[in-house]
Structures are given as structure tokens and as C-alpha cells.
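>>> Could you look at this predicted model? Sequence included:
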Amino acid sequence: MTKRERVIRMSVEQPLWRALTGYRLLTLLYAIGLFAFAYDEYDRPGVALAYYAVLAVWTLATLPRVQNAAACTKRFLAVDLAIALTGILLTPWVVTQGHIDRGGPTLPSIWTAGSVLAYALKGGWRWAAFASTPVAAANLVERGHPARDTVHNVILVWVASIAIGYVVEVARASERTLARALEIEAATRERERLARDIHDSVLQVLAMVQRRGAVLGGEAGELGRMAGEQEVALRTLVSGGLVPLSRASEDAADGALVRVVEEPDDSGPVDLRTLLAPYAGARVSLAEPGAPVELPPGAARELAAAVGAALDNVRSHAGAGARAWILVEDEPDEIVVSVRDDGPGIPEGRLAQAEGEGRLGVAQSIRGRLRDLGGSAELFSTPGQGTEVELKVPKVSLGKAERR
């Protein structure tokens, strides 16, 4: 089984960059169209044509620069804004006075807003305010006096760019928070998986050494005592103290990243019956369907391990003479495995007490496994009448759990 790294990429910001790319192209065509429509109002149309040629070449050549925050450098932003300001300040020199008096558009027209929006997407609302200020000043110089329509357009660009910049900052903070939440979820799942494996092996061995040492006494008793101390320490570590390091996350150019290590299993389905067969014995009876009960490999192993954990509880708590029965049912919508014993049962409140003490046999080895598979584990027990653990896994969730 080989490991691979799965990257979860999140970006609320990236669609805004794509929208900005389209905006720059459309407003370029719009500015050129306005020039063609009002050609007679230009005293120096040759200068305007030269400016539009530069604007078109610059817009098309720099499309990769407005794909994401990393490509949109400070130098690009400065040149882009300078081209917009140059067009605004050239306008009084190339158009007629009547064009200006009627509030006609500047040479770059609304293309200028694209430059300001690039600042907003790159650096947030402060950068947007910084870029809007010279644009406002240039528009007032072009008009010659603070006319109502000019002031209106200036304030609109100012407010819109600052608002978008603020939204971008909030989106970035939200992405980082979500990335961190996914990291914590992945770390928690890994901790629970380790806790189950440790419970199924190390903790049970330590508990057995402690019990046998206490019976034998002498040096074996001392060894048992140390094993008991290590068992308590390990249970405490597994139940609450094991906090793995955070997975790598970053605020990359096209969104926050969360990297999760996976262990894919490319083998085919596994017959659950073959995994449960070794549990059958003199005191454990296995009843199963006549046809294969096929599951994805990971799901089959986890379900079989949960059955093993239930049988371990029978051996540990129901007594040496207790019998157990395993019943496998392959229903149309789910797979149900029941583990029943004829032991003394579990006193009310004992499970909650055991979990509080760090004994995670039911909480992690059984319920935790079923939860990861999208299923459930229910425990029914009456003092003096034995215990039954019913494990249910919906078939629709098996593929999802395996992919996750």
C-alpha cells in the first residue's frame, strides 16, 4: 500500500480574479467603441489611436498578470495604474471642450476601474484606497472643476473598490480558518485511528501482563505493576494528550491549501466472511450468509476490527466461560453484524465511567470505527442477561468512506 498526498484547495478569491480578467477585456472593447462612436469630438484622433493601441497591447499582454495574486506584482500594478492615469490626463488634450463640458468619457473610460480593482484584490481595502485617490485627482483635473457627475463617478469607484478589497480580506481570513478546521479534523481522525490500533494491541498486552503479574507475584508482580502504570499513562496520552502536528497549510496564490496524507488501497472488494472466520471457535459461533459479503478493503478491515474489539470486551468482562455469537446480515441497504454474549451484562453508567477513565474499547475501537464508515454501533445490555453490540454500515456510505 503506497502513500500519496491529497491536496484540498479552497479559494473564494480566485473567481474574482477571473472576473477581473473578463472585465479588463470587455472594458477595453467598450473604450475603443466609445472612441469610434464619438470620433468627431476628438481634436487629435491620432494621439487617441496611439493610446488605444498601447492600451490594447498592454491589456492583452498582461492577462496572465491578473490570474492570481502571486502573478499580480507591485510593479505591474504601478505600470497599470500609470497607463490609466495617463489616459485620463491626455483626454483634455485630444478631445474638444464640448466633449468635456458634456461629461464625456475619458480615454480609458471605465477600464480605469480595473486597475483599481486589481489593487483591491491584491492587497485589500487599503491598497484600493491608495489606488483610488490618484484616479479621483486625475478625473478632477481632467474635468477642470468638481462637477456633480465627476464627483459621483469618483466616489462610486472609491467606495466599490474599498468594499471589494474588504471582502477579499474577509474571504482570505475565512479560507485560513476553514483550512485550519480541516487540518484539525484530519488530525483528530488520525488520532482516533491510532487510538484504536493501540487499544487493539499495546494496551491489551499491557493489561494482560498486569493481571498475570499480579497472580504470579514476586518479580513478575513488579513487572505487572510497571505494565499497569504504563497502561494508565498510555491511555491518558491516547484519550486526550495526543495532539499531532498541524498539517501544512498556506495561503497560496490560488487559495488556501490543506495537505492530507492518504494510503490508497487499489485491491478489489473483500469478502467480510473471510475476515470474520478466524474469530469463530469453541466459544464463539459465527452465522453468515451463504453468498459473499463484499466490501471495500478498508471498510471490511475496519468492520472486522470492530467485531474483534467487541469480542475482546467479551473475553475481558464477561468471564472465561462466556459464550459469544456473531451474526452477519447482508441487507439491501446496509450490512449488519451483531455480537452477542451470555455474560453478566454491563451495569448502567459503566461505559461512561470507562470512557472518562481513558478506556476507549467501545468509544474508539467500536463506535469510532463505525462512525468513520458512516455507520453506527449500538450496545444493548441488561445486567444478568448478557450484552449485544449491533454494528450497522449503510452501503451507500462505503464508497464515500473509502474515498475519504
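Yep, that arrived. Numbering: from 1, shown residues only.
>>> Tell me how far the residue nearest the centre of the chain lies from Leu373.
Per C-alpha atoms, centre = their mean, the C-alpha nearest to the average position across the chain is that of Leu182, at 4.5 Å. Note on Leu182: its distance to Leu373, by C-beta to C-beta, to the nearest Å, is 20 Å. Heads up, the C-betas are built off the backbone N, CA and C, glycines and all.
>>> Ok, Glu288 next?
19 Å.
>>> same question, Ala171
34 Å.
>>> what sits against Pro146?
The contact partners of Pro146, by C-beta atoms under 8 Å, 6 or more residues apart in numbering, come to Leu140.
>>> Tell me the secondary structure at it.
coil (DSSP: H, G, I helix; E, B strand; the rest coil).
>>> and Ala310, helix, strand or coil?
Going by three-state DSSP: Ala310 is helix.
>>> What number of residues are in the vicinity of it?
Residues lying near Ala310 (other C-beta atoms under 10 Å) number 28.
>>> Spit out the contact partners of it.
Val339, Ile366, Val389, Leu391.
>>> tell me the SS of the first one?
By that I understand Val339. Applying three-state DSSP: Val339 is strand.
>>> Can you tell me how far the closest residue in space to it that isn't next to it in sequence is from Ser376?
Spatial nearest neighbour of Val339, excluding adjacent residues (C-beta to C-beta, 6 or more residues apart in numbering): Ala310 at 4.1 Å. With distances taken as C-beta to C-beta, Ala310 is found 14 Å from Ser376.
>>> swap in Ala61?
According to C-beta to C-beta, Ala61 stands 59 Å off from Ser376.
>>> Neighbour count: those two, which is higher?
Ser376 (14 against 9).
>>> pretty sure the more buried one contacts Gly368?
No. If you go by C-beta atoms under 8 Å, Ser376 and Gly368 don't touch, sitting 11.6 Å apart.
>>> ok now stretch 104-117, how far from the chain's centre?
Taking the mean of its C-alpha atoms, stretch 104-117 sits 38 Å from the chain's own mean (C-alpha atoms, centre = their mean, to the nearest Å).
>>> Report the buried residues of the helix or strand that contains Leu49.
When elements are assigned from DSSP states H and E, Leu49 belongs to helix 45-61. Across helix 45-61, burial judged by 16 or more other C-beta atoms under 10 Å covers Ala48, Tyr51, Tyr52, Leu55, Thr59.
>>> Would you map the helices across the chain?
14-37, 45-61, 74-94, 97-101, 111-123, 125-143, 148-198, 204-216, 218-236, 272-276, 297-317, 350-356, 369-372, 395-403 (DSSP state H).
>>> So which of those helices is nearest Gln385?
For Gln385, the closest of the helices of the chain is helix 297-317, at 14.2 Å, according to C-beta to C-beta.
>>> what angle sits between the closest one and helix 204-216?
20 degrees (axes from the mean of the first three to the mean of the last three C-alpha atoms, to 10 degrees).
>>> and helix 297-317, what's its mean pLDDT?
Mean pLDDT, computed over helix 297-317, is 83.
>>> Report the distance from that helix to the chain centre.
30 Å.
>>> Counting neighbours, go ahead and name the busier of Glu288 and Leu373.
Leu373 (28 against 19).
>>> mind checking how far that one is from Glu388?
On the measure of C-beta to C-beta, Leu373 and Glu388 end up 20 Å apart.
>>> and if you look at Ala299?
22 Å.
>>> Wait, Gly103 touches Thr150, no?
Yes. Assessed by C-beta under 8 Å, Gly103 is found in contact with Thr150 at 7.1 Å.
>>> list residues touching both of these two?
Arg143.
>>> Those two: which is more packed in?
Thr150 (17 against 13).
>>> measure the nearest residue to the more buried one once chain neighbours are set aside to Val154 for me?
In this structure, Thr150 finds its nearest non-sequential neighbour in Arg143, 4.6 Å apart by C-beta to C-beta, 6+ apart. Distance of Arg143 to Val154, computed by C-beta to C-beta: 10 Å.
>>> Identify the contacts common to the two.
By C-beta under 8 Å, 6+ apart, no residue touches both Arg143 and Val154.
>>> Lowest-confidence one in the contacts of Ala310?
Ile366 (80).
>>> list the contacts for the closest residue in space to Ala138 that isn't next to it in sequence?
Spatial nearest neighbour of Ala138, chain neighbours left out: Ile88 (4.2 Å); criterion: C-beta to C-beta, 6+ apart. Ile88 makes contacts with Thr106, Leu107, Pro108, Thr112, Val135, Ala138, Asn139, Val141, Glu142, as judged by C-beta under 8 Å, 6+ apart.
>>> Buried subset of the residues you listed, written for PyMOL?
Command for PyMOL, covering only those of those found buried under the criterion 16+ other C-beta under 10 Å:
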select buried, resi 106+107+108+112+135+138+139+142
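>>> Dump the contacts of Ile88 to TSV, plus distance to Ala129 and pLDDT.
Converted to TSV, the contacts of Ile88 look like this (distance: C-beta to C-beta, whole Å; pLDDT from 0 to 100):
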residue	distance to Ala129	pLDDT
Thr106	21	87
Leu107	24	89
Pro108	20	90
Thr112	15	90
Val135	11	89
Ala138	15	88
Asn139	16	84
Val141	19	85
Glu142	21	81
